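Q: After the sequence you'll find the predicted model.
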Number of protein chains: 2
Amino acid sequence: MSEAEPIGPGTAPEERTWKLTLAYDGTDFHGWQVQPGKPTIQGELQAALGRITGESPLPQGSGRTDAGVHALAQVASFPLTAPIPPENLQRALNRTLPAAIRVLEARIVGDGAFHARHSAVAKTYEYRIFRSEICSPFLARFVFPCPWPMEFAALEESACFFVGEHDFSSFAANDPDLAARTASFESETAQLTSAVRSIFSSAWERRETAEGELWVYRVRGNGFLHHMVRNLVGTMLDAGRGLLRAEEMTRILAARSRPAAGPTAPARGLFLHSVEYRQQD
Amino acid sequence: MSEAEPIGPGTAPEERTWKLTLAYDGTDFHGWQVQPGKPTIQGELQAALGRITGESPLPQGSGRTDAGVHALAQVASFPLTAPIPPENLQRALNRTLPAAIRVLEARIVGDGAFHARHSAVAKTYEYRIFRSEICSPFLARFVFPCPWPMEFAALEESACFFVGEHDFSSFAANDPDLAARTASFESETAQLTSAVRSIFSSAWERRETAEGELWVYRVRGNGFLHHMVRNLVGTMLDAGRGLLRAEEMTRILAARSRPAAGPTAPARGLFLHSVEYRQQD
């Protein structure tokens, strides 16, 4: 149903599926997921939709992000009957939401089957570490400061071992059960209780900024377990410091046991970079 | 007295004057100046010094910054008897202070007469506006978003009218009396109750960032009245939008009356850029 089509008397307004692309500074939120009495991205978005349209659908994200994790382009979907043009909803949301959350794009998706989580085919995360001695206060919320001696080459080498299809149990959060560390974070498909994921690319790059040098890890895959990127980074940083050899990543993967890997890198360096869908979405 | 010189029994430890250079994200602080029960930059610094050295001198800033105003290089001075090497104090402060405040440099200044405010000979401020339609959440704390149509040339022209010695009464905060809007913010000299200041340079530049285009105003002078930079910017932005002609800056200066000028630009776009001292400091 096109927007121009009039809704006649007695015709129930048709529900349409919306797709939003969002950027956010996660520092002051208790993660994506709604929690009573705590500010969350999902909760702020639901409240803003309610204020603007009178409808309060719970927006579904492409995945949860934890407290303190940021997004350059998170995707959310929800149904709405209000016949509001996309650019108007985007503008109204950006006026209503806190400045730490911005709607980069708002679209009505033709295919009613679209779901931000179930329809995702790939996701990319970025992790940023700050290399200079004194971490700029203007970057402090968005990087993990690592001023100690570290070999960039060791990080580069380590990252290569994750490309391909692997069981990432060693890098999954120690949540009570395997289902918990997969199910609610990504598609409810055959992957449900498996820790096998395909990583399409995994690499580090150096990035110069006005505030100092960043080392940035970017990883793209078909899905990620809870804490997986932060655990991969924490383990690679151990290799960068010489506590592990890059080749040991193979052994750590094979162990399928969380204690085999390194520590969890802090949330503040992590960004959900982008989410990919089939072309028609 | 050099650090290596031993302090004999019965010799009172000598007090030395310290000079710190600080960067801070002012968003979550109630400005520079200590206020009971509220987080301030001066208060955090005093508390950190106390925890590290057992002495709690009140650090004197080159000037106050208001709530939400940032600093790229604020300067503070204070006396300390503890014989701690500068690099150790800097490291200890950066471990103790919140990540939003960083000590960029710590020095013992030979001349006991050094005072961060009284000894300053020039200060530079920067004001950053964000020009793209959607303001990045990663810059939101550090810019004033101005997505509306605006003439860069009108800003450039307006800025020129402030160079030189002028009475800036039209651009001073409507504080109860003139003394209040000058005395506590800068040197307690002949300037005390005068609103005359010398501006050495005043110009706008465009700056491309990963997040979008910034228009940055930089102004250097021998002193600034309370809210002066924010009022200059608010007035120039009126010229940028075509509400005023650039030439009217002359009339506004001559009026010596706050209502003659434009609105006060928000604190979050303002940075104390640097403070200059005579060469020996």
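A: Cool, the structure landed. Residues are numbered from 1 along each chain as shown, chains lettered A, B, ... in the order given.

Q: who's in contact with A:Val34?
A: A:Val34 sits next to A:40, A:42-43, A:46, A:58 when contact means C-beta atoms under 8 Å, 6 or more residues apart in numbering or on different chains. C-beta coordinates here come from the backbone N, C-alpha and C atoms, glycine included.

Q: Check the gap between it and A:His118 for me.
A: 19 Å (C-beta to C-beta, to the nearest Å).

Q: same deal with A:Ala261?
A: A:Ala261 is 29 Å from A:His118, by C-beta to C-beta.

Q: From the chain's centroid, how far away is stretch A:199-216?
A: The chain centre lies 17 Å from the centre of stretch A:199-216; the measure is C-alpha atoms, centre = their mean, to the nearest Å.

Q: Show residues contacting that stretch.
A: A:122, A:126-132, A:135-136, A:138-139, A:143, A:146, A:152, A:155-156, A:159-160, A:162-166, A:217-222, A:232, A:236.

Q: Surely A:Phe152 touches A:Gly240?
A: Yes. Between A:Phe152 and A:Gly240 there is a contact under C-beta atoms under 8 Å: 7.4 Å.

Q: what about the two, which has more around it?
A: A:Gly240 (26 against 13; other C-beta atoms under 10 Å in any protein chain shown).

Q: Would you confirm that the more buried one contacts A:Glu151?
A: Yes. Using C-beta under 8 Å, A:Gly240 is in contact with A:Glu151, at 5.5 Å.

Q: who's in contact with the residue nearest to A:Thr65 when sequence neighbours are not counted?
A: Computed as C-beta to C-beta, 6 or more residues apart in numbering or on different chains, the closest residue to A:Thr65 that is not its neighbour in sequence is A:Trp32, at 4.7 Å. Taking C-beta under 8 Å, 6+ apart, we find A:Trp32 in contact with A:40-42, A:61, A:63-66, A:74.

Q: so which of those residues would you say is closest to B:Thr250?
A: A:Ile41 (49.2 Å; C-beta to C-beta).

Q: gap between the residue nearest to that closest one when sequence neighbours are not counted and A:Leu22?
A: Of all residues not flanking A:Ile41 in the chain, A:Trp32 sits nearest, at 4.9 Å (C-beta to C-beta, 6+ apart). When distance is defined by C-beta to C-beta, A:Trp32 is 10 Å away from A:Leu22.

Q: One more: A:Phe78?
A: Counting by C-beta to C-beta, the gap from A:Phe78 to A:Leu22 is 12 Å.

Q: right, and A:Leu139 touches A:Phe130 too?
A: Yes. At 6.1 Å, A:Leu139 counts as touching A:Phe130 under the criterion of C-beta under 8 Å.

Q: Give me every residue in the stretch 101-250 of chain A lying close to chain B.
A: A:101-104, A:134-138, A:140-142 (C-beta under 8 Å from any C-beta of the partner chain).

Q: In a markdown table: those residues, plus neighbour count.
A: A markdown table is the format used below for those (neighbours: other C-beta atoms under 10 Å in any protein chain shown):
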| residue | neighbour count |
| --- | --- |
| A:Ile101 | 23 |
| A:Arg102 | 22 |
| A:Val103 | 22 |
| A:Leu104 | 16 |
| A:Ile134 | 18 |
| A:Cys135 | 21 |
| A:Ser136 | 21 |
| A:Pro137 | 23 |
| A:Phe138 | 22 |
| A:Ala140 | 19 |
| A:Arg141 | 21 |
| A:Phe142 | 19 |
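
Q: okay if I get the residues you listed as a markdown table plus pLDDT and secondary structure?
A: Below are those laid out as a markdown table (pLDDT from 0 to 100; DSSP: H, G, I helix; E, B strand; the rest coil):
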| residue | pLDDT | secondary structure |
| --- | --- | --- |
| A:Ile101 | 98 | strand |
| A:Arg102 | 98 | strand |
| A:Val103 | 98 | strand |
| A:Leu104 | 97 | strand |
| A:Ile134 | 93 | coil |
| A:Cys135 | 94 | coil |
| A:Ser136 | 94 | coil |
| A:Pro137 | 96 | coil |
| A:Phe138 | 95 | coil |
| A:Ala140 | 96 | coil |
| A:Arg141 | 97 | coil |
| A:Phe142 | 97 | coil |
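
Q: Now the two most distant members of those residues.
A: Taking C-beta to C-beta as the measure, those have their most distant pair in A:Val103 and A:Ile134, spaced 34.7 Å apart.

Q: per-domain residue ranges of chain A.
A: Domain segmentation of chain A under automatic domain parsing yields A:16-109, A:120-277.

Q: and A:Gln46, what does it touch?
A: Here A:Gln46 is in contact with A:34, A:56-59 (C-beta under 8 Å, 6+ apart).

Q: Compare the residues you listed and tell me which is most surrounded.
A: Neighbour tally across the contacts of A:Gln46 (other C-beta under 10 Å): the maximum, 25 neighbours, falls on A:Pro59.

Q: ranges for the helices of the stretch 151-281 of chain A?
A: For the stretch 151-281 of chain A, applying DSSP state H, counting those that start in this stretch gives helices covering A:152-160, A:228-240, A:248-255.

Q: out of the contacts of A:Val34, which are inside strands?
A: Counting by DSSP state E, none of the members of these fall within strands.

Q: Tell me the one among those nearest to A:His273.
A: A:Gln42 (19.3 Å).

Q: State the pLDDT value of the closest one.
A: As predicted, A:Gln42 sits at a pLDDT of 98.

Q: ok, and the closest non-adjacent residue to it?
A: A:Val34 (4.8 Å).

Q: Check what pLDDT the one you found gets.
A: 95.

Q: Over to A:Glu211?
A: Predicted confidence (pLDDT) at A:Glu211: the value is 86.

Q: Check A:Glu3 too.
A: A:Glu3 is given a pLDDT of 45.

Q: What is the neighbour count of A:Ser202?
A: 20.

Q: Let me fix that, I meant to ask about A:Leu243.
A: Neighbourhood size, A:Leu243 [other C-beta under 10 Å]: 12.

Q: Next one: the closest residue to it other than its chain neighbours from A:His227, what distance?
A: The shortest distance from A:Leu243 to any non-neighbouring residue, by C-beta to C-beta, 6+ apart, is to A:Gly262 (7.8 Å). As judged by C-beta to C-beta, A:Gly262 and A:His227 stand 12 Å apart.

Q: again, but for A:Gly164
A: Computed as C-beta to C-beta, the A:Gly164 to A:His227 distance reads 20 Å.

Q: Equivalent analysis for A:Ala47, please.
A: According to C-beta to C-beta, A:Ala47 stands 28 Å off from A:His227.
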